[in-house]
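# Pasting the sequence and the predicted model now:
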Amino acid sequence: MRATLRLGRVSGIDLGAHWSVLVIGALLAFGLTGGVVDAQLWAVVVPTVAIFLGCLLAHELGHSVVAQRNGVRVRGITLWMLGGVAQLDDRIPSAGATFRIAIAGPAVSYALAAAFFGVYGVVNAIGAPNLVVQAVGWLALVNVVLGTFNLIPAAPLDGGRILASAIWGVTGDRTRAEVGATRVGQAFGGLLIVGGLLGPAVGVPYVSLWTAIMGLFVLQTATAEQRYARQAGLVGDALVRDVMTTEPQTIRGWQTVQSARGELASAPPRQFVLPVLGWDGSIVGIVTLEQLARVPEADRGSLRVQDVAVPMTLVGTAAPTEPLLTAVSRLTRGSPGVVVVFDAGELVGVVTPADLHRAARRTVTV
C-alpha cells in the first residue's frame, strides 16, 4: 500500500495516506450527519472525522515506536480505507518483542479513549454545545471499539499477533505460531464475509455489506501473511548474497531477438533470466529465455530484446547485504519472480526461483 499524500515524519517514520482515506472520510462524515445539509453539524463532524483518522495513525505509530525500540526498522505508516498499515523492514526478533509491538496499538487506542472520556466529562460539565459533547463521546467510544476489535485473536489483527507470540513462546516454533494465527484469521475473515452478506437478510443487528468487505480484507491479508510465514520458515535469516547467482550473464538490449537467440544457442546462460543492458551500460530490464522464445518468428528480425523485456520499474531490486526475505517481498506481479542485485549501482547478481529453492533445501537439510 503506497501513500498518495505525505503527512510528515515522526521518530524517523514516514507518515502518509492513500487516496482511499478521502473516500472513507467522506462516507463516515456523511453517515454521521445522515446527509443533512446543516453548516453547524458539518462544522463539527468534519473535524471529528479528521481526529478519528488521527487516532488510527496514533494506533499504528504505537506499534512502530515500540518496534523501533525492539530493534525493528520501520519504513513508514500509511492510512487507507480500512485502517492503517505499518511497514516493517525487519522480522521481529522474538516472541516477547512480537507481544510488545502487538499490544502497543490497542494500548494507544485505550489511552486515547480514556482521554476523550475525560474531555467528555469536562465539556459536558461546562455546558458545551450538544454537538461537541456528542462528538467527543463518539471519539471515546470509537477508540474503545478500535482497541477491542484489534484484540480479537486472529491475524492480521493485533490479537492474532499476540496469539502468535504465545504459541511461539510455548513451542519455540515461529513458523508454526504465525501459520496458526493466520489460519484463525482466515476463519474469522470468512465468518465476517458470511455474516455481512447473510446477516442483513435475516435481521442480524450491527452487520452490513461493510462487514463483508472487512472480512474480505482480513481473509486476504491473513492468506498473504500465511504465505509469507511459510516462505520465511524456508529461507530463514539468509542474506541476499548467500543465495544469489553471482556475475550473471547479461544480454544487449539493442540487438534483435533473432541475433540474441543465435548467441544464446551457442553459449547457453547459467540462469533462465537475463538482465538487459542499455546503450549506456545500465540495466534497463530483464528478459527470460521463454519470453524470447515466444516472439513470433516473423518478428524476431525486427523486434529488439529491450522491446520484449520487463522494465526495471516492475522488477524487484536489492543489495547483497539485505535479508533475503525483505528482498523477495518486493517482487511485483509484472516480474517473473526475480530480484536483481546491485552493489553501489553495479550489477552483482540475480536471485531466481531456482536460487530460492536451493536456499530452502539447505535450510531444511540443516
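Cool, the structure landed.
# Okay, buried residues for the strand or helix carrying residue 227 please.
Assigned by DSSP states H and E, residue 227 falls within helix 209-235. For helix 209-235, burial by neighbour count (16 or more other CB atoms under 10 Å) applies to 211-212, 214-219, 221-223, 225-226, 228-229, 231-235. (Each C-beta comes from the backbone N, C-alpha and C, glycine too.)
# packing partners for it?
Helix 209-235 makes packing contacts with helix 174-202, helix 324-328, helix 353-365 when contacts are defined by 3 or more CB pairs under 8 Å, 6 or more residues apart in numbering; DSSP states H and E.
# quick one, which of those is nearest to residue 288?
helix 353-365 (11.0 Å; CB to CB).
# SS state for residue 204?
Classification of residue 204 using DSSP: H, G, I helix; E, B strand; the rest coil returns coil.
# now residue 162
Following three-state DSSP, residue 162 is assigned to helix.
# Surely it is in contact with residue 103?
Yes - contact criterion CB atoms under 8 Å: residue 162 and residue 103 qualify, at 6.4 Å.
# Touching both of these two, which residues are there?
Applying CB atoms under 8 Å, 6 or more residues apart in numbering, one finds that no residue jointly contacts residue 162 and residue 103.
# Please report how far residue 145 lies from residue 291.
Residue 145 sits 50 Å away from residue 291, going by CB to CB, to the nearest Å.
# between those two, who's got more neighbours?
residue 291 (17 against 11; other CB atoms under 10 Å).
# Check whether that one really touches residue 309, as I assumed.
Yes - at 7.4 Å, residue 291 counts as touching residue 309 under the criterion of CB under 8 Å.
# low-scoring stretches of the stretch 51-200 of the chain, by residue?
Along the stretch 51-200 of the chain, the model assigns pLDDT under 70 to residues 81-82.
# how about the strands in it?
74-80, 83-88 (DSSP state E, counting those that start in this stretch).
# Comparing those strands, which comes out most buried?
Ranked by mean neighbour count under mean count of other CB atoms under 10 Å, these are led by strand 74-80, which reaches a mean of 22.
# Show me what that one is packed against.
Strand 74-80 is packed against strand 13-17, helix 20-33, helix 39-69, strand 83-88, with contacts defined by 3+ CB pairs under 8 Å, 6+ apart.
# Report the mean confidence score over stretch 356-366.
On average, the pLDDT along stretch 356-366 is 60.
# likewise stretch 29-37?
85.
# same thing with stretch 208-228?
89.
# Just the CA coordinates for that stretch, please, in PDB.
C-alpha atoms of stretch 208-228 as PDB (Å, rounded to 0.1, in the frame of the first residue of the first chain):
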ATOM      1  CA  SER A 208     -23.800  -5.000   6.800                       C
ATOM      2  CA  LEU A 209     -22.000  -5.200   3.500                       C
ATOM      3  CA  TRP A 210     -19.200  -3.200   5.100                       C
ATOM      4  CA  THR A 211     -18.700  -6.200   7.500                       C
ATOM      5  CA  ALA A 212     -18.300  -8.400   4.400                       C
ATOM      6  CA  ILE A 213     -15.700  -6.000   3.000                       C
ATOM      7  CA  MET A 214     -13.800  -6.100   6.300                       C
ATOM      8  CA  GLY A 215     -14.000  -9.800   6.200                       C
ATOM      9  CA  LEU A 216     -12.500 -10.000   2.700                       C
ATOM     10  CA  PHE A 217      -9.700  -7.800   3.800                       C
ATOM     11  CA  VAL A 218      -8.900 -10.000   6.900                       C
ATOM     12  CA  LEU A 219      -9.100 -13.100   4.800                       C
ATOM     13  CA  GLN A 220      -6.900 -11.800   2.000                       C
ATOM     14  CA  THR A 221      -4.300 -10.400   4.400                       C
ATOM     15  CA  ALA A 222      -4.200 -13.500   6.600                       C
ATOM     16  CA  THR A 223      -3.700 -15.600   3.500                       C
ATOM     17  CA  ALA A 224      -0.800 -13.300   2.300                       C
ATOM     18  CA  GLU A 225       0.800 -13.400   5.800                       C
ATOM     19  CA  GLN A 226       0.500 -17.200   5.900                       C
ATOM     20  CA  ARG A 227       2.300 -17.400   2.500                       C
ATOM     21  CA  TYR A 228       5.000 -15.000   3.900                       C
END
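# From the rest of the structure, what touches that stretch?
Residues from elsewhere that reach stretch 208-228, judged by CB under 8 Å, 6+ apart: 82, 154-157, 160, 178-179, 182-183, 185-186, 188-197, 199-200, 325, 329.
# need the contact list for residue 293.
Residue 293 neighbours (CB under 8 Å, 6+ apart): residue 261.
# quick one: contacts for residue 189?
Residue 189 makes contact with 154, 215-222, according to CB under 8 Å, 6+ apart.
# distance of the closest residue to it other than its chain neighbours from residue 194?
Among residues not flanking residue 189 along the chain, residue 219 sits closest, at 3.0 Å (CB to CB, 6 or more residues apart in numbering). Distance of residue 219 to residue 194, given as CB to CB: 11 Å.
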